[in-house]
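>>> have a look; sequence and predicted model below, questions after that.
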Amino acid sequence: MDRLEWSSPDILPGESKLASQARTKLYDGDVATGFKDGDLTLTSHRLLWTSPSPSRSCLSLDLRLVVFLEEEAGTLTGSPKIVLFLTAPSAHKRPGPVQSSRATFIKVSFKLGGQAAFVSGLNRLLEEKPWTQPTASFGTGHSPSVRAGITGIERSLQQKVIETDASISSAFQDLSNLMAVAEEMVHLAKEISQKIKNQRGAVSEDETVQFRSQLLSLGVDDPVTRDAVSSHDEYYRKLAKEISSVLLVPIEEAGGMMPLADAYCRINRARGLQLISPDDLIGAGKAMTSLNWPLRLREFPSGLRVLQLDTLDDEVILASTLQDVDARGSLSADELAKERSIPVVLALERLLLTESKALVARDDVPQGLRFYPNWFLHPPN
């Protein structure tokens, strides 16, 4: 703060106004000061801070004293800030709000945002250093040098936009090429698989299995698509078959039930580039019931949707959940999730289902819900 001087808020001859922002606050190092809610102005030569009305006192910082700057992101309790690291004050410095300070930097916080324009402008000014040029070259704010600084910032931003557009276009072009190559690989895989079938004696069964597993690891399986079917119903039927084939083993390993969100991620990862939408997954899940596939779509009273084994009976879920509660004396959803190695949302649904059958009773404590054996209806022996 000892680098700041009392000044006038007027723009001096030879400098230009580049940016301004209201509701800013000054810090002496990391310590907040009483200079708050003021207007910050960036010129080609100085940084001006003007207090709100009625006093309208003004502080100025000569930009030749700025060595470099950093930007601090805002937090839940703090505004974004710019940190200016400064050289030692001049011996001929005019009076300011502080005669001496141990801090070698100041901070400016931006309550209403807008710091990006100051960071961009300051970086450009520190690079060009217009204060090292003759004053006459700046004129009264309409000089070629100042125009070059402002124009340089604009051109830099425009160039970044052009480069970003080019990068995005290139990325989409690469993606299109990748999809085209992937389709060719799928056709090639089909042809090779057919040749393997035709050459039963020349290729062993183990080699066939190994080859197919390598193809699947490359993500070139042949998923069903809308373009390959004639109707929505047929698409959902074939998609239901595919989902049942891909997710049957993972769902069995997960205890017979998998949240629809997890199923969505798994099936899309298995399909590679041929992604499906959430509506497609729900449509296929509804088709599973009528087609008697080993999986079916289920929705709990809470709204949670899962894919579960068609053979999984609620009685089995109730018995296993009650057994876990009896064994531990009481359980929370987190504890049951760890016990059964299942997601917490499924553990909670199991407990709520068991509660709905009056097999357990809840205790709503500050730490959350806990479930105990229902000794009111089923007293211990």
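That came in fine, so what should we check first? Numbers count the residues shown, from 1 in each chain.

>>> so how far is the longest strand anywhere in the chain from its chain's centroid?
The longest strand of the chain (DSSP state E) is strand 17-28. For strand 17-28, the separation from the chain centroid amounts to 30 Å (computed by C-alpha atoms, centre = their mean, to the nearest Å).

>>> give the buried residues for it.
Going by neighbour count (16 or more other C-beta atoms under 10 Å), the buried part of strand 17-28 is 18-21, 23-28. The way it works is simple: take the backbone N, C-alpha and C, and place the C-beta from them, glycine included.

>>> phi, psi for Glu127 please.
With angles defined as degrees, to the nearest 10, Glu127 sits at phi -80, psi -40.

>>> quick one: low-confidence parts of the stretch 1-150 of the chain?
Residues of the stretch 1-150 of the chain that meet the criterion pLDDT under 70 lie in 134-150.

>>> where do the strands of it begin and end?
Using DSSP state E, counting those that start in this stretch, the strands of the stretch 1-150 of the chain run over 5-7, 17-28, 31-32, 38-43, 46-50, 58-62, 66-72, 81-86, 105-110.

>>> grab the nearest non-local neighbour of Gln99.
For Gln99, ignoring the flanking residues on the chain, the nearest one in space by C-beta to C-beta, 6 or more residues apart in numbering is Asp2 at 6.3 Å.

>>> list the contacts for that neighbour?
Residues in contact with Asp2 (C-beta atoms under 8 Å, 6 or more residues apart in numbering) are 89, 96, 98-101.

>>> out of those residues, the closest to Lys111 would be?
Taking C-beta to C-beta as the measure, Val98 is the one of the contacts of Asp2 closest to Lys111, at 22.5 Å.

>>> give me the sheet partners of the longest strand of the chain and which way each runs.
Here strand 17-28 has these sheet partners by DSSP bridges: strand 31-32 (antiparallel), strand 38-43 (antiparallel), strand 105-110 (antiparallel).

>>> the stretch 151-300 of the chain: strands as residue ranges?
Assigned by DSSP E, counting those that start in this stretch, the strands in the stretch 151-300 of the chain fall at 257-259, 295-299.

>>> among those strands, which is nearest Tyr372?
The stretch from the strands of the stretch 151-300 of the chain with the least distance to Tyr372 (C-beta to C-beta) is strand 257-259; that distance is 23.7 Å.

>>> note down every partner strand of the closest one and its orientation.
Here strand 257-259 is paired, per DSSP bridges, with strand 305-309 (antiparallel).

>>> got the CA positions of the partner strand in PDB?
Extracted C-alpha coordinates of strand 305-309, given in PDB (Å, rounded to 0.1, in the frame of the first residue of the first chain):
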ATOM      1  CA  ARG A 305     -35.100 -47.400 -11.600                       C
ATOM      2  CA  VAL A 306     -33.000 -50.500 -11.800                       C
ATOM      3  CA  LEU A 307     -32.300 -53.500 -14.000                       C
ATOM      4  CA  GLN A 308     -32.700 -56.700 -12.000                       C
ATOM      5  CA  LEU A 309     -32.600 -60.400 -12.600                       C
END
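
>>> that strand versus strand 295-299: what angle between them?
For strand 305-309 against strand 295-299, the angle by axes from the mean of the first three to the mean of the last three C-alpha atoms, to 10 degrees is 150 degrees.

>>> tilt between the next helix-or-strand element following strand 305-309 and strand 305-309?
Per DSSP states H and E, the first helix or strand lying C-terminal to strand 305-309 is helix 314-328. Angle of helix 314-328 versus strand 305-309, following the same axes, to 10 degrees, is 100 degrees.
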